[in-house]
Structure formats: structure tokens, C-alpha cells
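> Let me see the structure of the following:
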Amino acid sequence: MHCCPGYAREPGLVGCPRDLYTSNKTLLEAITDLGLTKFAGMLNQSDEVFLHRSAIGPLTVFAPKDSAFGGTTVSISGEKIAKEVASRMVQEHVVEGKMVYHAIKTNQLLQTMAPGQTLRAAWAPDREICLHSASRFYCNSNQACKQSQNLLLFPSDNTLFPAIIICVSVRLKPSLPSSRSGQVAKTLVIQGAIITSENKPFRNGIIHVINHVIKPSLPATVTQYLHGTGQFTTFASLMRKLGTELTGHVTVFAPSDQAFERIHRRFLQMVTNNVDCLKPFVNFHIVERSLYTGGIRHRVDVTSRNGYRVHLTRHASTIIIEESLITTPDVTLKDGIVHVISDVMIAPAISFLGPFDLAKIHGARKFADFVRSHNLKHIIAAAETGPYTLLAPSDHAMELASDVISHMTRSKMKLEAFVRRHLLPKKLSVAEMHDGDRIRTMARTNRTDEMVTVNWYSNREILAVGGACVTRPNRAVCSGVTHIINRVILPTTGTVSHSLVTRPRFKLLTKALRAAKLDKYLQNTNAITLFAPSDKAFRRLGKRKLFRLMKNVKKLRRVLLSHMVSGVVYSCMLRHDKLETLTSKSLRVVVSGEHMKVNGIVVRMRDLPATNGVIYELDAILSL
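Model (predicted):
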């Protein structure tokens, strides 16, 4: 069993009855012996009621050094007024009860003898340092030095390189001697004032010497202060929009309205429009503990509400948090502390990288360069504001579609539609897209929003959107997410039946489907994969065979159904597979790179999307 702070065991007696801090001196005598002449002078000016109360005790007195008064003392004409001011000021430094140094807890509110006034206690945090000039990596508290290898993005050329991160955890050096109980003394801050000398007893209590005159708490909550002063209208409105609740003991690093005037308008718009940006932005300015600047000796890292580390560094009398200056420190309120800061702080979760920047980094450089080179600033701006999902074709996909893309560049309208077809107006991770979903894109055709269909192949864990398979998913920032895809997304001109009609090379197939009364089947909502013989494939039969086939409706129907597979199957999910047709026949599919064969027949065009399926172009008929 350990004794409570300030007490010790006594031989032969139960518990810890011996008081470690005792003295026969009066409060005034003890204060005078400590050399605190200015505070002693204020005690002498105090009214008789307080002096009588101090003689009874027990009390805890937080007594400022002479230097804390900055060369000024209470000097007011009129004995009555002088006594009232001196008594009030002294009472704001005196707490009921005897509280030794290590008995005071962080975030503890201490009731003073001044009516309605409390003092907030806060232990200075440990500091944690991570040594690396290029990025931020952090260690856990009380962590020994260690090494960890990470990949960092080098900003000049977007290349990745390994970095060895050395993490060191250092506790602030005690500024005070060890207590009599053997505990290591730490820095304790009372209402912004550091205790520089602790546990000095007098007859009816104990004295702690502090380095500042205590400023009374303002009669408002943190929320009321931020909303009511007119200095933080932007930050307060963002907190209100997020629905931020400040409960318990908090410290808020509040950017002034002037701080917001220095950030880019588009960035503020991005933060305001996206809750995924707004939440980390606001919470990065909030620490869920009491933190006074007096406890910051060199460098301190604390954890913000969203779990990120926030750096505070002292340079003489100046405190820097991240890259912002604390202009007004230690505003103490009913439920916390506010420090006014000169600049807005940006949480690591909030990236200045836009969707096309992410695409460029993660394998879609050609697509990103294509968009920027064609002066589509209005599309880029709309996407960067967010929320967005960008489906960015890989460099290889852009090479494969070079002819299609070249054709689209001839028309400004088609060019813009091509880019917008790859943008969704909301942030969707892979996990938020489900099989069969129809999602609106930013493209419009004939005043109608273009849609893309989601297909999820759970057996291979492959996701396809608009006929393109996602190869690198979830490259995200707070305002949106970029998925790299293996194909450019082509416009869906309608159902499978309608798509065949609009493509001249399928005239004979369209005629055959009508003759077999299957054209309507390909117009409904049934998901279908069609291996479509081209006109060239039909002509290979010869005129006589083709004529007989067209006349034999029963056989024609069976042949056509043997080219159809239930469901939507894109080539990215195929390797060496067997697919069952609607006639229960098996098709052997082999995909190797850009080459694909079905039952040994070459697929000339693949993954032609339709609203109810997908089309593959064959240069021969599969079977008769």
C-alpha cells in the first residue's frame, strides 16, 4: 500500500498519519520568507475577513513570484477600493483545502475563494520526436528508438524512395526536484502559470510558487467564446456545420478570420463541401485535454481529436504550432482553453492533390496529361472541389484506345463527354459499389445523365465499372477517390440489341436476331454477354449456307443462343475459363494480354458495353 501524496507512515500506527509538509509560520510569514514581497504586500491590503479565513485553513495558495507582476502592483486611490481589489486578486490565487503538488490531477478544476472562480490544472505532456526532414512519422508514447522502413513520395518528380525513420521518445526534463514521496516531479501548470517551487508549508496549508499572476476564467464555454467574440466567425461556422460538440476538458487552437483570408478560396470550398474533409480539418484544431503554453519548454507533440499528432515548439517567448504562431495564448474558459493562432492548420488527411494528380502518381499519367493539355480547367476545378470518384484509365488503356481518343478530340463536346464519363459526382470506395448498381456520371447526352453499371466478380474479387475493371482501387484523399481502370469507358448507346443496330458491321446478325425473334430478348433487362459474329463471319459461311441458315428459324435460334451467356462477363475476369451458353453448351475462353479467343476463334473487339450486357465481336461463327 502506498501513502497518499504528502503523507508518510508512522511506526506503530495504522495507515499514513504523518503530514510531510508542516510549519508554525502564518501565511504572511511564509510568503515573506519565500521572498514574495509583492504578493505579501497584497496580503497586507486584503480585508480582515480573508485574513481571518487564512488563519483557520486548510488552504492551498498559488503565490506569484515578484517578477510575475511585471513591475506593477495594485495602486488604487481609496483604501476601501484598494482592499477590495487586493482581496479579490488574492482570493483568485487561493484554493480551499490543502493540496500537495502530486495530488493535483490534470484537467482538475480547483474552486478558489473568489466566488464563481475556478482554476484549471494541467500537467505538461511528454514530447515525442520523429527525426525526418521529408515527412511526418510518429512513434507511440514512451517508445524506445527504433527503425522502420517506409515509402515516401518525393515531391519534385513523384517518385517513391525508401526512408529510414528513427523515432525517439523523450520525457520533458523535470524542472523541479523529486518529491519526498520519491515521485519524479513534472511540470504542473495552473491556469497558465507554471509551478516553479512546490509544497512550501505554512500553519494552515501549503504554498506553490508560480511564475505568472493568474488570470480569471472567462464566464463562457469554449463554444460560446468562439461564436460570440466575432473573431472566429469562419471557424465557428465550420464547427456548427459539422455539429462539433465540445465536452469535458478541451483545448482549441482557433484560427482567426484573418487566418482564413490567407488560404485559397478553392481549398476552403473543398473543406466546406465535403464532410470527409471538414471533419479532420476541424478536429485537427482540437485537443481533448487541457494544454497551457506554460508547459511547453522546447518541443511537445500532442494528439488531436482525429488522432493526428500536432507539433508545438517554443522559441524564447514564442510558441509555434505546426507552422502557425499562437498570437493569444491561454484563454481559459469554463470547459477548456483557447489559443488564438495566426494561420489555419491542415490535417495530414487533407491533401492538396486533386483527382488528376493522384491519377498521375498511380499509373494514369497519360490520362492526367491528356485532360490538362486540352484546357479543361472547368472540369478539373469541379472535380477538385469534390466530392468525386475518378475512374482513371491506365497508361496502357490510353494506348489501346488511341484511335477512339483521337476521334473524340475533333469535337469539344465529345472530348468533354469523354472526360466527364470517367467522373462520378460522389466519393465511392470499392466497398461502396455493389453488383448491379447504376451510377450517374458527370457526362450528359441529349440532356440525360450518362450512367455506368457496376459488376462485381466475387470469385476473383474483381470490380468492373462501365465495362472497365479496377486494377488499383481506393487512391483517396478527403475530397474524393481515384480508381485506376484497365480500359477507357465508352458510351453505352442502349441495350445489346440497340448497340448492334447502331454498329454497321452487325447488319446480318441484327437481321438473324429478328428472324429468330430474339431481338426483343436482347432489349429487356436480362443481363447478357453476347459473342457477336460480324458480317464478315456470316459471309464466311458462303451464300448457300447462309441462305439455308436464315430460312431454318429453329436452327438459327439455337445457333444464336449458343453465342449468349447469362450475366455480364468482362474480359478482365477471364483467363482460362469455361462459360456455359443459353443452350447449355460450354465455351472455352483463353485471354492472354490483349489477345482473346473463344473456342479457338479470335475476338476482334471486346468489352463493348450496353445497358443490359456486354458484346464481343467474333470473326467467325462458333458452331452450326
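
> Okay, now the unreliable bits of the stretch 151-300 of the chain?
151-186 (pLDDT under 70).

> residue boundaries of the strands in it?
For the stretch 151-300 of the chain, applying DSSP state E, counting those that start in this stretch gives strands covering 159-170, 188-190, 193-202, 205-210, 250-255, 286-287, 299-303.

> helices or strands up against the third one?
Secondary-structure packing of strand 193-202 (3 or more C-beta pairs under 8 Å, 6 or more residues apart in numbering; DSSP states H and E): helix 27-33, strand 59-64, strand 188-190, strand 205-210. C-beta coordinates here come from the backbone N, C-alpha and C atoms, glycine included.

> what comes into contact with it?
6, 20-23, 25-27, 29-31, 34, 61-62, 64-65, 68, 100-101, 175-176, 179-180, 185, 187-189, 206-214, 294-295 (C-beta atoms under 8 Å, 6 or more residues apart in numbering).

> List buried residues within these.
Buried positions within the contacts of strand 193-202, assessed by neighbour count (16 or more other C-beta atoms under 10 Å), are 6, 20-21, 23, 26-27, 30-31, 34, 61-62, 64-65, 68, 100-101, 175-176, 179, 185, 187-189, 206-214, 294-295.

> Domain ranges for the chain, per the record?
Following the TED database, one finds the domains of the chain at 17-120+194-210, 222-347, 355-485, 496-618.

> ok so, going back, can you check which of the helices and strands packed on strand 193-202 gets nearest to residue 380?
With respect to residue 380, and counting by C-beta to C-beta, the nearest of the helices and strands packed on strand 193-202 is strand 188-190 at 48.4 Å.

> Check whether residue 441 sits in a helix, strand or coil.
Following DSSP: H, G, I helix; E, B strand; the rest coil, the label given to residue 441 is strand.

> Quick check: closest non-adjacent residue to it.
residue 450 (4.9 Å; C-beta to C-beta, 6 or more residues apart in numbering).

> coming back round to it: in JSON lines, list the strands of the stretch 151-300 of the chain along with distance to residue 415.
Output for the strands of the stretch 151-300 of the chain, formatted as JSON lines (distance: least, C-beta to C-beta, whole Å):
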{"stretch": "strand 159-170", "distance to residue 415": "30"}
{"stretch": "strand 188-190", "distance to residue 415": "62"}
{"stretch": "strand 193-202", "distance to residue 415": "65"}
{"stretch": "strand 205-210", "distance to residue 415": "69"}
{"stretch": "strand 250-255", "distance to residue 415": "41"}
{"stretch": "strand 286-287", "distance to residue 415": "45"}
{"stretch": "strand 299-303", "distance to residue 415": "48"}
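
> right, and those strands - which one's nearest residue 578?
Nearest to residue 578, of all these, is strand 159-170, at 40.3 Å by C-beta to C-beta.

> How many residues are close by the residue lying closest to residue 256 once chain neighbours are set aside?
With sequence-adjacent residues excluded and distances taken as C-beta to C-beta, 6+ apart, residue 256 is closest to residue 231, at 5.5 Å. Residues lying near residue 231 (other C-beta atoms under 10 Å) number 16.

> where does the chain have low pLDDT?
For the chain, applying pLDDT under 70 flags the ranges 1, 47-54, 71-81, 125-186, 624.

> Dead centre of it: give me the residue that sits there.
Note on the chain: the residue nearest the mean C-alpha position is residue 349, at 3.6 Å, using C-alpha atoms, centre = their mean.

> which residues touch the nearest residue to that one once chain neighbours are set aside?
Excluding its sequence neighbours, the residue lying closest to residue 349 (C-beta to C-beta, 6+ apart) is residue 280, at 4.2 Å. By C-beta under 8 Å, 6+ apart, the contact list for residue 280 reads 306, 308, 347, 349, 350, 478.

> How about residue 556?
Counted by C-beta under 8 Å, 6+ apart, residue 556 has contacts 512, 515, 516, 549, 550.

> Just give me the closest of those to residue 396.
Taking C-beta to C-beta as the measure, residue 396 lies nearest residue 512 of those, at 35.3 Å.

> Just to check, that closest one is in contact with residue 551?
No: between residue 512 and residue 551 there is no contact under C-beta atoms under 8 Å: 11.2 Å.

> So the two - more neighbours on which side?
Shown here are residue 512 and residue 551; by other C-beta under 10 Å, residue 512 has more neighbours (22 against 10).

> Helix or strand: which one has that one?
If you go by DSSP states H and E, residue 512 is part of helix 507-515.
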